[in-house]
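In: next come a sequence and a model predicted from it.
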Amino acid sequence: MAKNKYDFIKELLEDKKLNQNQRERILELASKEISLEGSLEERVQKIEEIINNKIPKSNDLKTNKPIKTEDSSLPKYIDPYHLYKFLFEYNQDPVLRSTCHDIDSEELNKINDYCDSDSYDFKKHLKKIIENFEQLEKKYRAPKQVKGLIRGYLTGKDWYGKQLKQGWSSAGIEINWSSSKLNEWVTKNPNIPPNLNENIAGDQEIELLVIEPQINSPITHDPIQSFTQLVLHYKNLFHLKSGSQGLRAILDRVNSNRKWNEKVEFGIIDQEFPNNLEHFTNVDTLIQAYNKFLQLIIDQYQGDEKPKVKLRFYEEKQRVHLSIHHLNGQYNKTIQNCMDRPYGRDYKNLISLQINGLCNLYLKADFGNEEFGAINLWDGKKLEAEKLPIFTGVEHILEFPKIKES
C-alpha cells in the first residue's frame, strides 16, 4: 500500500464530521488494502496502529484523551467502560438476553410477544437477535475481539461475512445460533426454543440438541453436553456473579488447574474477596491476564521461599478492582527508571493482548532504597508517579470502571 493511501486514510479519519461507525467502516476497507498475517483481530489492530501512529494525539488531560506515546508497539488506549456498558446493555436487551439464559415458560412468552408471534418461531427469534445485536454493536465501542466473538456465536461468521472455520470461541466450539446443525434440530422440533430449560425439557420429554464431541467449559469446568448448556457457558464468558461463576471460585479453579498453588503461597481474606460481587467483563481474557501476572511474579522473585500473593476483589465508587499483591517482592527498577521506560516486553504483551480494553492498570511498589510509589501504568492519562510514605511488596491493581470518566 503506497504512502499516499496511508495519508488518504489518515485524512479521512481526522475528519470531525465522521461518526464512529463511518470510521470503523474506513478501517474495514483499509484492511483489504494491506497484506497482513495473523488473525482478523490482529490484522485490524495492526491497521489501527499503522494509521494512528500517523495521527497526532492530544495531551489534553482535562478531556482524558489517550496520551501520545513514542512506543509504536503499544496499542491505542481503549476505555474499559465501553466493554462493561456493551455487555451490560446486551444482557438487558429483551431479545439478546435470551441468547445467554435458558428459556422457561415466562421467558418464552416474552420472546413471543417481542416477535409478535402466537407461538415460538425460531426464524423470527433469530432475525430479531441479529437485528438487535447489529444495532447494539454500532452503538457501543467495545473491543473488536469481543464483538467478533459474539458475532461468531450468533451468526457463525466473521467481520467480513465469511464462515468461521475453527469455531467462535477459544474452546473451538463450532455450533452457533445460525449453524445448519441447529437449524436441523429446529426443523424437527418446531415451536421449541433450542435453549429450553432442562427441567421443562425433561418434563415434556423433549430431547435437547446434543453437543458432540463433548467439551468442558474453560470457566466452570462443567461439561457442555447440550445447546442449553452451551448458552449458559456463553453467559459465563462475560458475567461474573455468585457461586461457581464468581471470580473467587473461578480463580480457585485456575490455581488448581495451573498448579499455581504449588508455586505460590496465596492469602485471601473472605471479607476482602466476596464471591457474590457481580460484573460484566471478558472473563476469559481476565483469566489470561491473571495467569500472566502470576508467571511474572514467579519469574522475577529472587527469594528462597515461595512468593506470597494476596488477592483482593472489591468495589469502590462504581469501579471494580482486582488486586494481585506480591507481599514479599520488590520492584526491580527505581521509580525514575520505571517512568523513563515503563513498558518492558512483559508489560507490552500484557497491555496489547489482555489489559487494553479490559481494564485500567495501576502499580504500587517498594522500589528499593526506601523509595515507595504508585504509577498509573495504563489508564489513558499521562503517566505519573506518586510517592508513598511506605509500601510493602509489589501490587498490580486491575480497575474495571462501571462509569465513564467525565
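Out: It's in.
In: just the pLDDT at Gln245, thanks.
Out: At Gln245, the pLDDT value in this model is 87.
In: hang on, I meant Asp71
Out: The confidence metric pLDDT takes the value 59 at Asp71.
In: what strands line up against the one helix or strand Pro213 maps to, and which way round?
Out: Per DSSP states H and E: Pro213 is located in strand 210-216. Counting by DSSP bridges, the strands paired with strand 210-216 are strand 223-226 (antiparallel).
In: which strands or helices does the next helix or strand after the strand it pairs with pack on?
Out: Following strand 223-226 in sequence order, the next helix or strand is helix 227-236 (DSSP H and E). Judged by 3 or more Cβ pairs under 8 Å, 6 or more residues apart in numbering; DSSP states H and E, helix 227-236 is in contact with helix 198-203, strand 210-216, strand 223-226. Placement of C-beta: from N, CA and C, glycine included.
In: shaky segments in the protein?
Out: 1-72, 406 (pLDDT under 70).
In: would you map the helices across it?
Out: Using DSSP state H, the helices of the chain run over 3-14, 20-31, 40-52, 81-92, 105-114, 122-139, 144-155, 180-188, 198-203, 227-236, 247-257, 283-300, 335-340, 345-350.
In: okay, those in a markdown table with mean neighbour count next?
Out: Listed next are the helices of the chain as a markdown table, based on neighbours: other Cβ atoms under 10 Å:
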| stretch | mean neighbour count |
| --- | --- |
| helix 3-14 | 14 |
| helix 20-31 | 14 |
| helix 40-52 | 18 |
| helix 81-92 | 20 |
| helix 105-114 | 14 |
| helix 122-139 | 16 |
| helix 144-155 | 21 |
| helix 180-188 | 14 |
| helix 198-203 | 13 |
| helix 227-236 | 22 |
| helix 247-257 | 18 |
| helix 283-300 | 18 |
| helix 335-340 | 15 |
| helix 345-350 | 15 |
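In: re the thing from before, rebuild the helices and strands packed on helix 227-236 as JSON lines, extending it with distance to Arg258.
Out: Shown next, in JSON lines, are the helices and strands packed on helix 227-236 (distance: least, Cβ to Cβ, whole Å):
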{"stretch": "helix 198-203", "distance to Arg258": "31"}
{"stretch": "strand 210-216", "distance to Arg258": "15"}
{"stretch": "strand 223-226", "distance to Arg258": "20"}
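In: out of the ones you listed, which comes closest to Ala365?
Out: Closest of the helices and strands packed on helix 227-236 to Ala365 is strand 210-216, at 37.6 Å (criterion: Cβ to Cβ).
In: in that closest one, what counts as buried?
Out: Buried positions in strand 210-216, judged by neighbour count with 16 or more other Cβ atoms under 10 Å: Ile211, Ile215.
In: what lies in contact with it?
Out: Here strand 210-216 makes contact (Cβ atoms under 8 Å, 6 or more residues apart in numbering) with Ala171, Gly172, Ile173, Ile175, Asp222, Pro223, Ile224, Gln225, Ser226, Phe227, Gln229, Leu230.
In: please redo it, this time with the cut-off set to 7 Å
Out: Residues outside strand 210-216 that contact it (Cβ atoms under 7 Å, 6 or more residues apart in numbering): Ala171, Ile173, Ile175, Asp222, Pro223, Ile224, Gln225, Ser226, Phe227, Leu230.
In: look up how far Gly357 lies from the most centrally placed residue in the chain.
Out: Residue closest to the mean C-alpha point of the chain, counted by Cα atoms, centre = their mean, is Asn282 at 2.7 Å. Distance, Asn282 to Gly357, by Cβ to Cβ, to the nearest Å: 8 Å.
In: contacts only, for the residue nearest to the centre of the chain.
Out: With contact set as Cβ under 7 Å, 6+ apart, Asn282 has these partners: Leu83, Val146, Phe238, Leu358.
In: and those residues, which two are furthest apart?
Out: Phe238 and Leu358 (11.6 Å).
In: any shared contact partners between these two?
Out: Common contact partners of Phe238 and Leu358 (Cβ under 7 Å, 6+ apart): Thr281, Asn282.
In: look up how far Ile324 lies from Gly303.
Out: Relative to Ile324, Gly303 is positioned 17 Å away (Cβ to Cβ).
In: mind checking which of those two has more residues around it?
Out: Ile324 (20 against 10; other Cβ atoms under 10 Å).
In: give the contact list for the more buried one.
Out: Counting by Cβ under 7 Å, 6+ apart, Ile324 makes contact with Phe293, Val309, Leu311, His396.
In: inside strands: which ones of the residues you listed?
Out: Among these, DSSP state E puts Val309, Leu311, His396 in strands.
In: I'd say the first one and Val264 touch.
Out: Yes: Val309 sits in contact with Val264 when judged by Cβ atoms under 7 Å, with a separation of 5.2 Å.
In: neighbour count for the two, which is higher?
Out: Between Val309 and Val264, counted using other Cβ under 10 Å, the more crowded position is Val309 (28 against 18).
In: run through the bridge partners of that one.
Out: Going by DSSP bridges, Val309 forms beta bridges with Phe266, His326.
In: from Glu315, how far off is it?
Out: Computed as Cβ to Cβ, the Val309 to Glu315 distance reads 21 Å.
In: one more: Gln166?
Out: 37 Å.
In: same question for Ile78.
Out: For Ile78 relative to Glu315 (Cβ to Cβ), the value is 22 Å.
In: more neighbours: the two, which one.
Out: Ile78 (18 against 14).
In: so the more buried one makes contact with Leu358?
Out: No: look at Ile78 against Leu358 with Cβ under 7 Å: they stay out of range, at 8.6 Å.
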